[in-house]
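Peer 1: Return atomic coordinates for the entry below.
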Amino acid sequence: MELKSLVEPVVALAEDAGRAILKVYSTDFEVQSKDDESPLTQADLASHRWIDAGLRSLTPDLPIISEESGLPTFAERSQWQRYWLIDPLDGTKEFVNRNDEFTVNIALIDNHRPVLGVVHVPVFNKTYVGCEGVGAQRRDGNADPQPIRVAPASGSPARVVGSRSHRGASLDAYLENMGDYDMVPMGSSLKFCVVAEGGADLYPRLGPTSEWDTAAAQAVVEQAGGSVVTLDGKPMKYNAKEDILNPHFFVMGATDRNWLALLSDSE
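Peer 2: Residues are numbered from 1 along each chain as shown. Next up, the predicted model:
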């Protein structure tokens, strides 16, 4: 199936999942803890069921990895060239804290790379799309899709987005080397999308994430002219190892500064 033809049905799936999430968001929902002590709500599960069923109908031959389903063994998934990678509710802590900064993430991985990504922001009825052959776009409600691009040059001071829930000494040390900067804390994969549409220059992630947290938004950033690289400067890859944890990475928009060079001073 041609990539371009998947965009509209996947956007519709993400929006439907977002509506299922908002039904729970408007209630006095319960919060459980998963084995890794991260939070889980009925909204995560409702979104997972909706997306899982929709993708199985849309592309019956493609496997699916979701944060809310078991992870297949590497022996099995290493045989896959193409598969869906989803986070039904990215930013569950933001959901629980009711700060509205949570997303639905659906990505198509092909040969270790995200070639299609949809990031839907339910509360704001906003959707970001990145697709090879299509480019990157933002959709606000029912308005026509608008092309987005990373900023052509970095701001002065530099504009940085960072995690609202996960901030550590490594990031603080890095930022000290940057000089003047404005730091905006933000939840979920929204941080990628702000870089993709030119609202920030950099998102340095020097803490743990999983592949389903980043894949869809990486597609958006890359199709908007930005990059998502590990600390050795190489593009972040998927399904290339036993575990599903990402290495530390940088999401970069404008390339007029060597953001990675500041790392050596902070280590």
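Peer 1: Show residues contacting the helix or strand where Glu76 lies.
Peer 2: Counting by DSSP states H and E, the element that carries Glu76 is helix 74-77. Applying CB atoms under 8 Å, 6 or more residues apart in numbering, the contact partners of helix 74-77 are 63, 65, 83, 239, 241-242. Every C-beta, even on glycine, is put in place using the N, C-alpha and C of the backbone.
Peer 1: Return the member of those residues nearest to Arg205.
Peer 2: Checking those against Arg205 by CB to CB gives Lys241 as the nearest, at 17.8 Å.
Peer 1: on that earlier part again, which strands or helices does the next helix or strand after the helix holding Glu76 pack on?
Peer 2: Note on helix 74-77: by DSSP H and E, the next helix or strand toward the C-terminus is strand 82-90. Here strand 82-90 touches helix 42-58, strand 64-66, strand 103-110, helix 211-223, going by 3 or more CB pairs under 8 Å, 6 or more residues apart in numbering; DSSP states H and E.
Peer 1: In the stretch 1-150 of the chain, where is pLDDT below threshold?
Peer 2: 1 (pLDDT under 70).
Peer 1: Recalculate using a threshold of 80.
Peer 2: 1, 35-37 (pLDDT under 80).
Peer 1: I'd like the contacts of helix 74-77 laid out as JSON lines, including distance to Leu22 and neighbour count.
Peer 2: As requested, the contacts of helix 74-77 are arranged in JSON lines below (distance: CB to CB, whole Å; neighbours: other CB atoms under 10 Å):
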{"residue": "Pro63", "distance to Leu22": "29", "neighbour count": "16"}
{"residue": "Ile65", "distance to Leu22": "25", "neighbour count": "23"}
{"residue": "Tyr83", "distance to Leu22": "28", "neighbour count": "19"}
{"residue": "Asn239", "distance to Leu22": "31", "neighbour count": "20"}
{"residue": "Lys241", "distance to Leu22": "35", "neighbour count": "12"}
{"residue": "Glu242", "distance to Leu22": "36", "neighbour count": "11"}
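Peer 1: Out of the residues you listed, flag the one nearest to Trp259.
Peer 2: Distances from Trp259 to the contacts of helix 74-77, taken by CB to CB, are shortest for Lys241, at 24.9 Å.
Peer 1: helix, strand or coil for the closest one?
Peer 2: Of the three states, Lys241 takes coil under DSSP: H, G, I helix; E, B strand; the rest coil.
Peer 1: Repeat that for Gly179.
Peer 2: Reduced to three states by three-state DSSP, Gly179 is coil.
Peer 1: I'd guessed it sits against Pro157; true?
Peer 2: Yes - using CB atoms under 8 Å, Gly179 is in contact with Pro157, at 7.5 Å.
Peer 1: hey, what's in contact with both of these two?
Peer 2: Common neighbours of Gly179 and Pro157 (CB under 8 Å, 6+ apart) do not exist.
Peer 1: Which residues are in contact with the residue nearest to Gly198 when sequence neighbours are not counted?
Peer 2: The shortest distance from Gly198 to any residue other than its chain neighbours is 4.1 Å, reached at Ala151 (CB to CB, 6 or more residues apart in numbering). Residues near Ala151 by CB under 8 Å, 6+ apart: 198-201, 253-254.
Peer 1: Secondary structure of Ala151: a strand, I assume?
Peer 2: No - with three-state DSSP as the criterion, Ala151 is located in coil rather than a strand.
Peer 1: Could I get the helices and strands packed on strand 82-90 in JSON lines, plus columns for distance to Asp90?
Peer 2: Putting the helices and strands packed on strand 82-90 into JSON lines (distance: least, CB to CB, whole Å) gives the following:
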{"stretch": "helix 42-58", "distance to Asp90": "10"}
{"stretch": "strand 64-66", "distance to Asp90": "12"}
{"stretch": "strand 103-110", "distance to Asp90": "5"}
{"stretch": "helix 211-223", "distance to Asp90": "6"}
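Peer 1: for these, which one sits closest to Ala261?
Peer 2: helix 211-223 (20.3 Å).
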